[in-house]
Each structure stands twice: as C-alpha cells, then as structure tokens.
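Enquirer: here is my input, please return the structure:
(one chain, ligands or ions: 1)
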Amino acid sequence: MASNFKVIIVGGGPVGLTAAHALHQAGIDFVVLERRETLFNDEGASLVVSPPTLRLMHQLGLLSSVRSIGADIQRVKSFDLAGHRFAHHLGIFDAMKKNHGAAPMAFHRAELVEAFHHGLPADAKAKVLTGKKIVDMASDDAGVRVTCADGTAYSGSLILGADGVHSQTRRFMRRLALAADPTADWEPEEPFPAEYRCMWCSFPRPGEAGLGTDTQHKDRSTMYLSGKDRAWIFLYEKLPEKTAQRARYTGKDIEEYAAKFADFPIDDKLYVRDVFDKSTAGMANLEEGVAKHWSWGRMVLVGDACHKVTPNAGRGYNNGAQDVVALANRLQGALRSSADGTLDNATLAGLFDDYQRTRTEAMQSDASISAHVTRLHAWSNTLYYIFARHIAPWGFVQRYIQNQLSAPQIAKSLILDYVPAEEPLKGSVPWEHPMPSVPLSNKV
Ligand SMILES: Cc1cc2nc3c(=O)[nH]c(=O)nc-3n(C[C@H](O)[C@H](O)[C@H](O)COP(=O)(O)OP(=O)(O)OC[C@H]3O[C@@H](n4cnc5c(N)ncnc54)[C@H](O)[C@@H]3O)c2cc1C
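Expert: Numbering: from 1, shown residues only. Down below sits the predicted model:
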C-alpha cells in the first residue's frame, strides 16, 4: 500500500538527520527543515558514539564511512588541579569491546553530521532544506502545517521535533495543548533546569588519538578528548544557583571563562592555556531533565527536545538515536497495517504514548549516570569526592561498571526492525534485539 504519510522533521542536527535516514529506509516521505544556512557549522564539540548507535549506523549504510573519521577511545587518565595523575586506564573500554564488539568512538560533531547528510541518497538529500527557521505550527485531525521565517509553509501528516533543548516544537505543542484545554497539566516553556555550565572548543589533535582525560576539582572540572584528527576540551563549572533561564554567552564571556581554567592540566604536560581556541568555542548551561509530555496531536519530540543530560558521559545523541529507532519502528509498523496509508489522531496518540513510555524507562539510567559523572568530576559532596578520587580509579571498578551496570542496558538497545543487515558487532553479551535477517516488507 503506497503511503500518503509525510513527516516534517524540524531540525537538521544529528538526531534530525538520523530520523531522515530511518524514514527513508522505511519508505516514509519526509522533509527536514533546518533553521541554519549550513548543516555543518564547525561549532567545536565532539560526539562520542556508543556501540548501539554504531549498529544503527551499520543498518543505515553509514558505518564504514563514519569509522574512517572517528577514533576508538583507548585510554583515560584523571588529574587533580596540581597535575597529579591519580588514575590511568589503558584499554579503558576493553570490557565493553569484549561484551558488545566495539568501544565508544569519538567524532567531530560537524564531520559526523556531514557524513549523515552525505550518506543520504540524492532524492532524500533533496528533502533536507536549510535556512528554514520554523516560526509557527498547527496540528489538527487532518494533518500539520509549519510556517518558516522566510514565509514558506509546509504541510504533512506529522511534525517530528528534533530541534534541540530549546525546542520550538515543544513550545508550540504546549501552546496548542493549553489553548485546547487551559487546565491541562503542562510544564513550563523551558522545563529543564541547569546546575552546571560548560564551554567547549576544538583544535588539531596535539597527541595520541583516542585519549580521554578529566581534571577534577571542587565545582570546576575539565575533560579532554582526542579523535582522529581533532581534539576537544570541555570546561565545566557549577552555576551560582540552579536556573531554568536560558543563558546566552558572548565571545567576551567565553574568553573570561576560559581564562579561569588556563592552568588546568589536560594531560601530563598540556594545559588549557596551550590549546584554547576561541574561534571554535561554544558555551551553554547544561540543562538536565526528561520532559513530561513528548507529544500532542500530530506532534512528537525526539532527542534533546524531550530529554537533556549533561555531556560528561556522552549519552545525549546516543539516546536521541534510540528515540528515532523506537518511533520509526512504530510508525513503520502502523503504516504497514494501515489500509489507506494514513494514521488517524487516535492511532498516533496510542503510538506516541507507547513510544514515550518505552524510551522514558530506558532514559532513566542514562540520565542518572550522566548526572553522577558530572558531580563526581566536580566533587559535588564528600561521597562524590571519595568515590571519584579513591574508588573509581581502580581498574576493577571500571570493569564492574562496564560488565554489571552498562552491559545489561546496552544489550537492550533497539535497532530498526524493518532494515535487514548482517550483525556488525559481535561480543559475548547477546543483543536482545538481533538484526532482522529477513527483508520484512520494509517499504510502507
Ligand atoms: C559539549 C557537548 C558535548 C557533547 N558530547 C556528546 C557525546 O559525546 N555523545 C553524545 O551522545 N552526546 C553528546 N552531547 C549531546 C549532544 O550534542 C546532543 O544530545 C545532540 O546534539 C542532540 O541532538 P538533536 O539533534 O536532538 O539537537 P541539536 O543538536 O541541538 O540540533 C537541533 C537542530 O535543530 C535546529 N533548530 C532549532 N530550532 C529550530 C527551528 N525553530 N527551526 C528549524 N530548525 C531549528 C538547530 O539549528 C539544530 O541544527 C554533547 C553536548 C555538548 C554540549
């Protein structure tokens, strides 16, 4: 049955483009509307991708190309402010490699987004539009309509909000929900408070590839990571008070902030002052939280728009990719059994509730790990200090975390159930969702 269904993806970031690939594989029509003029702004940050996302990339035909631009994380060191190295793990992810067939891989964000775009076939690439800032949205029983700042408008069956932590889709959903029912229990427009902030920048790799370091200190900490050609620093600080107010930092703020960290060591003989590059720097408050509502009407959220974690543990994009899989599987399944290739509001509401329930459960553990890692590095209280400084440095603790805590979660990760592929990652822990081997009617 040919589908009359069209998804409007708001946001051409890593999650929006992952959604474009997943929908393309399902044969579901889509358009990506990205507000920026270019998709590959070199904004400095890295993205560390975990084994479940590497598996998904294999399904999307991207794994071999992205592997050539990434680096496995091999070694992790921890320092204090005086430069004393109190932890050194060579082969830090050996247990994960043994369990799941791969270690986490570090990428330059702009390069990864470019690889996602490059990997789309020409007809799908033509559906990714830039310079399309969404300024209005409507959703009713018949479909959706979005209006862009340049005056153009797009109609479809569903709005998929992949527009990040300050999501306009989330804002419009809230506005429309409250207009329909002023008593609806809806959270504030900016639902995620921040307790920490972070500045990041990138520069040519100064030493070995695949090195991660952290420098821990009370309420202030740094991380360093090296990829294939580039490396990155992340400078974290506890905010004077928790706030849900969106912060916008200027170039001057960034330079003053970086100056406070100039003497932080980032490796045995390397300091923040040696590598800081204001031309690639960005800075933001680190919001944390999981939204209460992930959908309304024919609008649904994925990625940072519906859950935001601190970046220390590298879980943000990886969870956004899992959202895309969970949602795409449900949409593809529902459209396959739809007689006329459409889905009504009631069907979508049931599908969205099921999607949110599944993903919220899975998110809890990663949100908690991310929050703990940030507070461990910032010695946020005595217990965190003792664990970070005296317990975590032991190799058996890292192996325990990977074998006992991470492995069961990673094994549960989702893959597209309509894209047959060879299993690319083989380890000793079986995947709960094996790669589909049969070409199940994979076009709706
Ligand atoms: C310093 C740092 C390091 C990180 N490291 C990692 C890591 O190692 N691993 C990991 O998994 N995660 C990491 N994260 C988190 C990760 O960056 C996010 O989880 C991820 O980028 C979320 O992707 P997204 O597509 O949902 O949102 P975004 O990346 O925010 O993209 C949203 C897109 O929507 C567009 N947009 C916004 N509003 C509109 C509008 N009105 N109209 C049209 N388009 C719009 C934006 O321009 C943007 O392109 C890190 C985050 C930071 C800050």
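Enquirer: so which residues on the stretch 301-444 of the chain come close to the ligand?
Expert: Within the stretch 301-444 of the chain, the positions lying close to the ligand (Cβ under 6 Å from any ligand atom) are 303, 304, 305, 311, 314, 315, 316, 317, 318, 320. Quick note: C-beta positions are derived from backbone N, CA and C, even for glycine.
Enquirer: what's the local residue count around the fourth one?
Expert: Read it as residue 311. Neighbourhood size, residue 311 [other Cβ atoms under 10 Å]: 24.
Enquirer: from memory it sits against residue 286, does it?
Expert: Yes. At 7.0 Å, residue 311 and residue 286 qualify as touching, with contact defined as Cβ atoms under 8 Å.
Enquirer: got the phi/psi numbers for residue 65?
Expert: For residue 65, the backbone dihedrals (degrees, to the nearest 10) come out as phi -70, psi -40.
Enquirer: just the element for the nearest residue to it once chain neighbours are set aside, please.
Expert: Taking Cβ to Cβ, 6 or more residues apart in numbering as the measure, residue 65 lies nearest to residue 115, with 5.5 Å between them; neighbours along the chain are not counted. In this structure, residue 115 is located in helix 109-118 according to DSSP states H and E.
Enquirer: ok, back up a step: what residues are up against the residue nearest to residue 65?
Expert: 62, 65, 66, 69 (Cβ atoms under 8 Å, 6 or more residues apart in numbering).
Enquirer: on that earlier part again, buried stuff in the helix holding residue 115?
Expert: Applying a neighbour-count criterion of 16 or more other Cβ atoms under 10 Å, the buried positions in helix 109-118 are 109, 110, 111, 112, 113, 114, 115, 116, 117.
Enquirer: report the contact partners of the first one.
Expert: Contact partners of residue 109, counting by Cβ under 8 Å, 6+ apart, are 14, 43, 44, 45, 46, 47.
Enquirer: rerun at 7 Å
Expert: 43, 45, 46, 47 (Cβ atoms under 7 Å, 6 or more residues apart in numbering).
Enquirer: same check, this time on the fourth one
Expert: Residue 112 is in contact with 14, 47, 66, counting by Cβ under 7 Å, 6+ apart.
Enquirer: the second one and residue 70, how far apart?
Expert: Yep, that's residue 47 we're talking about. Here residue 47 is placed at a distance of 9 Å from residue 70 (Cβ to Cβ, to the nearest Å).
Enquirer: find residues that contact each of the two.
Expert: Shared contacts of residue 47 and residue 70 (Cβ under 7 Å, 6+ apart): residue 107.
Enquirer: now for the closest residue to residue 216 other than its chain neighbours, how many residues are close by?
Expert: Nearest non-adjacent residue to residue 216, counting by Cβ to Cβ, 6+ apart: residue 377, 5.0 Å away. Counted by other Cβ under 10 Å, the residues lying close to residue 377 total 24.
Enquirer: quick one on the thing from earlier: so after the helix holding residue 115, what's the next helix or strand?
Expert: helix 122-125.
Enquirer: packing partners for the next helix or strand after that next one?
Expert: Sequence order places strand 128-129 as the next helix or strand after helix 122-125, per DSSP H and E. Secondary-structure packing of strand 128-129 (3 or more Cβ pairs under 7 Å, 6 or more residues apart in numbering; DSSP states H and E): strand 29-33.
Enquirer: neighbouring strands for the very next helix or strand once past the strand it packs on, and are they parallel or not?
Expert: Once the chain leaves strand 29-33, the next helix or strand it forms, by DSSP H and E, is strand 46-49. Partners of strand 46-49 in the sheet, by DSSP bridges, are strand 105-108 (antiparallel).
Enquirer: got a list of contacts for the strand it pairs with?
Expert: For strand 105-108, contacts defined as Cβ under 7 Å, 6+ apart pick out 46-49, 54, 66, 69-73, 202, 225, 227, 230.
Enquirer: got a pLDDT number for residue 442?
Expert: What the model reports for residue 442 is a pLDDT of 53.
Enquirer: related to what we said a few turns ago, can you sort out which of the contacts of residue 112 also neighbour the ligand?
Expert: Contacts with the ligand within those, counted by Cβ under 6 Å from any ligand atom: 14, 47.
Enquirer: that'll do, ta.
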